[in-house]
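A.B. asks: Got a sequence here, can you build the structure:
(one chain, ligands or ions: 1)
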Amino acid sequence: MGLELKGKTAIVTGASRGIGKALACTCAGLGADLAIAARQEGPLKETADEIAKKYNVKVLPVSCDVTKLGDLENLVEKTRKEYGKIDILVNNAGVSSQYAFNEQPLEDIEKLVYTNYLGYVRLIRLVINEMMERKSGAIINMVSGSTLCDPLPRTFVTYASIKVGLKAFLKGLFWEIRDSGVKITSLLPGVTDTDLTGKLQNVSADASRLMSTEAIENAVKFALTVPANVCPLEISIINQRTPWVKPVIPFKQEHPDK
Ligand SMILES: NC(=O)c1ccc[n+]([C@@H]2O[C@H](COP(=O)([O-])OP(=O)(O)OC[C@H]3O[C@@H](n4cnc5c(N)ncnc54)[C@H](OP(=O)(O)O)[C@@H]3O)[C@@H](O)[C@H]2O)c1
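C.D. replies: Below you'll find the predicted structure:
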C-alpha cells in the first residue's frame, strides 16, 4: 500500500475485531494514525499494539460504548488531544439481533437503535463542524447489504430497517453539505465472515456463501483515495452467493399456502 493518508488521523469504531479491525488496518496501511474504539479494553489494547507494530503508525485505544453520548464525547476529545484533529471517521461499531419480530427481545430493539443508528449519527455530529471548517474530511459508514432487499429479510426487519434509516440519513447529509468538502460514504456489505455472523442462526451454515473482509477493505481504500472533488456516496459489496438473495435465510415461518 502507499502512504496516501500519511499525516491524517482516523477514528475507527468497533475496531477490536471483525470488519472494524480490518478497516483500521487499511487506514494504517495507508499511513494514517488511529484512534480505535470498542467497549472491551483488553482486546482493544491488543489490536492497537498489533496495528502499531505492523504498520508503524500511532494507535490510541479508547474504551468507548457508542450507545453513550458521554463516551463518544470522550473519544473525540481524547483523539483531538492526542493528534490535534480528526480527518477521517470510520463509523463501524454495530450489533445484530436475528428474531421473528414478535419474539424479538424488547431490549434488543433499543440496543439496535442506540448502537446502529444513534451511535453513528451522534458521532458524526461531534466531528462534522471541525471537518466543515477545514473543508475536508471523510466519514465512512458501515451500513448493510440487507438494505438493498425489498422487502427486508425476514427475521432481520428491525436490524435492516434501522440500517435503511441510517442510509437515508447519510444520503441526505451528503446532499446537505456537499459543498463543504466533507465526503460521506455508505458501505453496503453482504454477509461477511465475522463473530457477528457466527452468532446468527443458519447464516453461516454454508461458509462458502460468506465473504472475507478483503473487498470491503478495497472499497474503503477506494473511498479514501479518490480525487478531492469526488465522493463515492454508496458502495455495495455483495458476495456472488450472498445468503440475502434467496432464500435470504432459511425461515422458521411456514408459507401461508402450506
Ligand atoms: N458481518 C457482516 O456480515 C456484516 C454485513 C453488513 C454489515 N455489517 C456491519 O458491520 C459492522 C461490524 O460488524 P462485524 O461483523 O465486524 O461485527 P463483530 O465482529 O461483532 O465486531 C463488532 C465490533 O464492534 C464493537 N462494538 C459492539 N458494540 C459496541 C458498542 N456499543 N460500542 C462500541 N463498540 C461496540 C465490538 O467490540 P466490543 O464488543 O468490545 O464493544 C467489535 O469491535 C456492524 O455495524 C454490522 O452491522 C456486518
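
A.B. asks: Around the ligand, pick out the residues from the stretch 51-200 of the chain.
C.D. replies: Counting by C-beta under 6 Å from any ligand atom, the residues of the stretch 51-200 of the chain lying close to the ligand are 64-67, 92-95, 115, 142, 144-145, 189, 191-192, 194-197. Bear in mind the C-beta positions are built from the backbone N, C-alpha and C, glycine included.

A.B. asks: Okay, and which of these map to helices?
C.D. replies: Secondary-structure check on these using DSSP state H: residues within helices are 195, 196, 197.

A.B. asks: surely the second one meets residue 98?
C.D. replies: No. Using C-beta atoms under 8 Å, residue 196 is not in contact with residue 98, being 10.3 Å away.

A.B. asks: Residue 82: which element?
C.D. replies: When secondary structure is defined by DSSP states H and E, residue 82 falls within helix 69-83.

A.B. asks: how distant is that helix from the center of its chain?
C.D. replies: 18 Å (C-alpha atoms, centre = their mean, to the nearest Å).

A.B. asks: do stretch 25-42 as well
C.D. replies: Using C-alpha atoms, centre = their mean, the mean C-alpha position of stretch 25-42 is found 13 Å from that of the whole chain.

A.B. asks: for stretch 67-87, same thing?
C.D. replies: On the basis of C-alpha atoms, centre = their mean, the separation between the geometric centre of stretch 67-87 and that of its chain is 17 Å.

A.B. asks: likewise stretch 6-26?
C.D. replies: From the chain centre to the centre of stretch 6-26 is a distance of 10 Å (C-alpha atoms, centre = their mean).

A.B. asks: Please list the residues outside the helix or strand hosting residue 54 that contact it.
C.D. replies: Mapping residue 54 onto the secondary structure by DSSP H and E places it in helix 41-55. Outside helix 41-55, the residues within contact range by C-beta atoms under 8 Å, 6 or more residues apart in numbering are 15-17, 21, 24-25, 28-29, 31, 34, 36-38, 57-61, 63.

A.B. asks: Spell out the residue ranges of the strands in the stretch 151-258 of the chain.
C.D. replies: In chain order, the stretch 151-258 of the chain shows strands spanning 182-189, 234-237, with DSSP state E, counting those that start in this stretch as the criterion.

A.B. asks: Just give the strands next to the last one in its sheet, each with its orientation.
C.D. replies: Within its sheet, strand 234-237 is paired with strand 182-189 (parallel), according to DSSP bridges.
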